[in-house]
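Enquirer: need the 3D shape of this:
(one chain, ligands or ions: 2)
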Amino acid sequence: MTAQVTDLRAVTGMIFEVQRFSVHDGPGIRTTVFMKGCPLRCRWCHNPEGVSSKPELSFTPSKCIGCGYCLRVCPRNAHRFTDHGHELDRSVCAVCGSCTEECYARALELVGRETTAGETIDLVLRDRVFYETSGGGMTLSGGEPTFQFPFAEALLRLAREEGLNTCIETCGHADQSRFDRLLPLVDTFLFDIKETDPARHTEFTGVSNDRILANLRALHAGGARILLRCPVIPGYNDRDDHFDALAALARDLPRLEGIEVIPYHPLGESKIARLGLDPDRRAASASPDDATVARWVARLRNRGARVVNENPPGD
Ligand code: SF4
Ligand code: SF4
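Expert: Ligands and ions are numbered 1, 2, ... in the order given. Below you'll find the predicted structure:
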């Protein structure tokens, strides 16, 4: 092992999940590494456990079997049983994780752990045979992978050393210099465009889309392979003017792989409750039916955009 590889393997980062056999995060069978920390605050966030860069305590009361072990080990007395059931006082919790180690029912879980790039790539490499037969590889997701830039870069360099196909799912909000450095390390950028209207982008995500669009154009000019991923949230960005602007953006970037429409899914709502996050900032929406998604896709296609979604059943 060269000194450079040894150094890369020692870089530390905070992850919250490693998903093996993923088939939705790039070509073939992949392992997706979910990293903590994100500069955006999307109101419909699918992975709210990826927003904070720190570990968090997840509590699912419906799984609690009332054994009381957590009460005994918590140094902050954050757990108690009342007439309303098992209550957790997050205001005193130090997220030490002691109660999660005692909770065999997995009602309590620590979300986020520090690891090294070496340990993570070893985990990814376990499924090399599946990547080779399917054209798959490693995908970095989150959270926002560029938020922990040294860790993301180290993982991608190690993957390159191993000859793995690499993808990164990004919100695009980072210094352009970071994308310049990642360009030779990434086979496909899964680049999120959440809202084309600048004022609404700020309202829905907490940041302007200026830098995101500039990074997208710079990556395209640099020869990156890019698939636009566009979450569509009924009542927020399911507007005709947004679809028309997305199609215009795609026409402006002729080497794009295409657009993938990501229909809203309420998965993030239950996670908000389990993590004790503020539910008020959350968008109230519902999953669209197949006919609605088909209409969105048709509007984009009719305006010349290459949409990679399969046609919904019955279309
Ligand atoms: S350790 Fe887990 S199952 Fe036992 S009381 Fe605490 S939360 Fe419930
Ligand atoms: S994470 Fe630590 S401080 Fe927080 S409730 Fe569990 S044992 Fe107590």
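Enquirer: make it CA atoms for all contacts and neighbour counts henceforth
Expert: Noted.
Enquirer: who's in contact with the closest residue to C70 other than its chain neighbours?
Expert: Leaving aside its sequence neighbours, C70 sits nearest to C99 (C-alpha to C-alpha, 6 or more residues apart in numbering; 4.6 Å). C99 sits next to 69-71, 73-74, 108 when contact means C-alpha atoms under 8 Å, 6 or more residues apart in numbering.
Enquirer: for R160, same thing?
Expert: 166, 185.
Enquirer: sec struct for it, please.
Expert: Using DSSP: H, G, I helix; E, B strand; the rest coil, the structure places R160 in helix.
Enquirer: which residues of the stretch 51-200 of the chain lie near ligand 1?
Expert: Contact residues, the stretch 51-200 of the chain versus ligand 1 (C-alpha under 6 Å from any ligand atom): 64-70, 102-103, 105, 107-108.
Enquirer: change it to 5 Å
Expert: The stretch 51-200 of the chain comes close to ligand 1 at residues 64-70, 103, 105, as judged by C-alpha under 5 Å from any ligand atom.
Enquirer: against the centre of this structure, work out the most remote residue.
Expert: Distance from the C-alpha centroid of the chain, by C-alpha atoms, centre = their mean, peaks at D83 (37.9 Å).
Enquirer: got the phi and psi for it?
Expert: With angles defined as degrees, to the nearest 10, D83 sits at phi -60, psi -20.
Enquirer: pLDDT score assigned to it?
Expert: With respect to pLDDT, D83 scores 90.
Enquirer: same deal with R90?
Expert: 96.
Enquirer: separation between it and ligand 2?
Expert: Remark: distance between R90 and ligand 2 (C-alpha to the nearest ligand atom, to the nearest Å) = 7 Å.
Enquirer: who in the chain is up against ligand 2?
Expert: By the rule C-alpha under 5 Å from any ligand atom, the part of the chain lying against ligand 2 is 74, 78, 93-99.
Enquirer: nearest to L246 among those residues?
Expert: V95 (41.4 Å; C-alpha to C-alpha).
Enquirer: worst mean pLDDT across the helices and strands of the protein, which element?
Expert: helix 267-275 (a mean of 86; mean pLDDT, DSSP states H and E).
Enquirer: contacts for it, please.
Expert: 44-49, 56-60, 278-279, 282.
Enquirer: same thing with stretch 242-260?
Expert: By C-alpha under 8 Å, 6+ apart, stretch 242-260 touches 195-197, 217, 220, 225-230, 296, 299-301, 303-309.
Enquirer: tell me how far L216 lies from L190.
Expert: 11 Å (C-alpha to C-alpha, to the nearest Å).
Enquirer: how about V33?
Expert: According to C-alpha to C-alpha, V33 and L190 sit 14 Å apart.
Enquirer: quick check: buried residues in whichever helix or strand comes after the least confident helix or strand of the chain?
Expert: With elements assigned by DSSP states H and E, the helix or strand that comes after helix 267-275 is helix 290-302. Under the neighbour-count criterion of 16 or more other C-alpha atoms under 10 Å, helix 290-302 has 293-294, 296-301 buried.
Enquirer: now stretch 220-235: buried residues?
Expert: Buried-residue list, stretch 220-235, by 16+ other C-alpha under 10 Å: 220, 224-234.
Enquirer: what's the most distant pair in the residues you listed?
Expert: A224 and P234 (30.7 Å).
Enquirer: which residue ranges of the stretch 51-200 of the chain form strands?
Expert: Secondary structure of the stretch 51-200 of the chain by DSSP state E, counting those that start in this stretch: the strands cover 56-59, 79-82, 85-88, 108-111, 113-116, 137-142, 165-170, 188-192.
Enquirer: what about F179, how many residues close to it?
Expert: Residues near F179, counting by other C-alpha atoms under 10 Å, number 20.
Enquirer: is it true that it touches R217?
Expert: No: using C-alpha atoms under 8 Å, F179 is not in contact with R217; the gap is 11.2 Å.
Enquirer: now do the nearest residue to I29 once chain neighbours are set aside against R306, distance only.
Expert: Spatial nearest neighbour of I29, excluding adjacent residues (C-alpha to C-alpha, 6+ apart): G136 at 4.6 Å. Using C-alpha to C-alpha, G136 is found at 22 Å from R306.
Enquirer: low-confidence stretches in the stretch 151-300 of the chain?
Expert: In the predicted model, the stretch 151-300 of the chain carries pLDDT under 70 at residues 281.
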